[in-house]
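**Q** need a structure here:
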Amino acid sequence: MTDFRLAKVHYVPAALDPGVLYVSDEYKIAMHLCACGCGSKVPVSLGPAGWKVTERNGEPTVRPSIDSGQLPCSSHYFITDGRVDWLRPMSAAQTVAALKSDHGRREAHHREMNRKSRWWNRAWRHLLSLFSRG
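**A** Reported below is the predicted structural model:
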């Protein structure tokens, strides 16, 4: 497979078509069948701590690269303007390191969101206390 088209969906369908990148902005997930043709479903979590899908002229770009190191095919590729750009398969050690890095990035993002949330909650409680005094 060399090309992908973008399909914006509310829910990702159970049966996926080859060459289609399904994106649900509401659920922050993209999914497609592996570009190698093995038939494996490849989920991609979206958001500040995950992957980013952009669109130009209806063609999807996914960053960072997609590594299927946990699948038997070990595919590794970029999707750029709907085109598959193949990369060297990652070694088992590189896949583990990438997974740890992804996990660390998600944890750091959640810590930051919790910190901001705590700040906002303190400010809100303070404002409420000012109004309840009156």
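
**Q** make it CA atoms for all contacts and neighbour counts henceforth
**A** Noted.

**Q** could you dump the longest strand along the chain to PDB, C-alpha only?
**A** With secondary structure taken from DSSP state E, the chain has its longest strand at strand 59-67. Taking C-alpha atoms only, strand 59-67 is exported to PDB below (Å, rounded to 0.1, in the frame of the first residue of the first chain):
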ATOM      1  CA  GLU A  59      -4.600  14.200   2.200                       C
ATOM      2  CA  PRO A  60      -3.500  13.100   5.800                       C
ATOM      3  CA  THR A  61      -0.100  13.600   7.400                       C
ATOM      4  CA  VAL A  62       0.600  11.700  10.600                       C
ATOM      5  CA  ARG A  63       3.500  12.700  13.000                       C
ATOM      6  CA  PRO A  64       5.500  11.300  14.500                       C
ATOM      7  CA  SER A  65       6.200   8.100  12.600                       C
ATOM      8  CA  ILE A  66       4.000   5.000  13.000                       C
ATOM      9  CA  ASP A  67       5.900   2.000  14.400                       C
END
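
**Q** Show me what it is packed against.
**A** Judged by 3 or more Cα pairs under 8 Å, 6 or more residues apart in numbering; DSSP states H and E, the packing partners of strand 59-67 are strand 5-8, strand 52-56, strand 76-80.

**Q** nearest to Leu127, of the ones you listed?
**A** Set against Leu127 and scored by Cα to Cα, these come closest in strand 52-56, at 36.6 Å.
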